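A.B. asks: Would you be able to build a 3D model of this:
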Amino acid sequence: RVFLSSPGDVSEERQLAMDVMEQVPYNPQLRGKISLEVVAWDKPGAGTPLLANMTPQEAINQGLPRPSECDIVIVLFWTRIGTLLSDTHKKADGSRYLSGTEWEYWDAFNHAKIHKTPYIVVYRRTERLLIDPMTRDGAEKFSQIMMVNSFFKDFTNPDGSFQKGYNNYNKP
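C.D. replies: Below is the predicted model:
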């Protein structure tokens, strides 16, 4: 199982990842040796309905395997951290998760610290986004980018050395 996690600004990457994963079992060297199940809330025919009587994250958690229940977790970021989760989802320190994507990352990470799985692969798109502060959503876009930057600060030590690995890419 491969869990695909991301906020909404990387839909092209999500689709590319799903397309690649759909082809893996048909690779001549892997045919008959591997099966692959993509776990993604937006996978056609395999996603989960977003019901009105629950938060989107609750619907995803009830309708799909959790990241910690998968073998591989792929996390994609660019300019959005995502939508703030309700206060029913809290970190060990009592603070709220900034988004479902952050919750999914930490669900996988905390499980992997103990059980050595899932394998977590984090990608960060580095292409610059131009923000016009005069537009209605300029402040929101800036705030989202700053939250993504804050998330990635946890990947380096105070001296600038890497604490955790992630992969940069410029464009899909």
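A.B. asks: Give me the neighbour count for residue 68.
C.D. replies: By other CB atoms under 10 Å, 19 other residues sit near residue 68. Where C-beta positions appear, they are placed from N, C-alpha and C, glycine not excepted.
A.B. asks: what residues are up against the closest residue to it other than its chain neighbours?
C.D. replies: Distance criterion CB to CB, 6 or more residues apart in numbering; nearest residue to residue 68, sequence neighbours excluded, is residue 111 at 3.5 Å. Going by CB atoms under 8 Å, 6 or more residues apart in numbering, residue 111 touches 67, 68, 117, 118.
A.B. asks: Give me the buried entries from these.
C.D. replies: 67, 68, 118 (16 or more other CB atoms under 10 Å).
A.B. asks: can you list the residues that contact the helix or strand of the chain with the lowest mean pLDDT?
C.D. replies: For the chain, using mean pLDDT, DSSP states H and E, the weakest element among its helices and strands is helix 56-63, scoring a mean of 78. Residues outside helix 56-63 that contact it (CB under 8 Å, 6+ apart) are 41, 47-51, 54, 83, 85-86, 89, 100, 103.
A.B. asks: give me that answer again for 7 Å
C.D. replies: Residues outside helix 56-63 that contact it (CB atoms under 7 Å, 6 or more residues apart in numbering): 41, 48, 49, 50, 51, 85, 89, 100, 103.
A.B. asks: List every C-alpha atom in that helix, with coordinates, as PDB.
C.D. replies: What follows is helix 56-63 as a C-alpha-only set of coordinates in PDB (Å, rounded to 0.1, in the frame of the first residue of the first chain):
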ATOM      1  CA  PRO A  56     -12.800  15.800   5.700                       C
ATOM      2  CA  GLN A  57     -10.000  14.300   7.700                       C
ATOM      3  CA  GLU A  58     -12.500  12.100   9.700                       C
ATOM      4  CA  ALA A  59     -14.000  10.900   6.400                       C
ATOM      5  CA  ILE A  60     -10.600  10.100   5.000                       C
ATOM      6  CA  ASN A  61      -9.600   8.300   8.300                       C
ATOM      7  CA  GLN A  62     -12.800   6.200   8.300                       C
ATOM      8  CA  GLY A  63     -12.900   5.500   4.500                       C
END
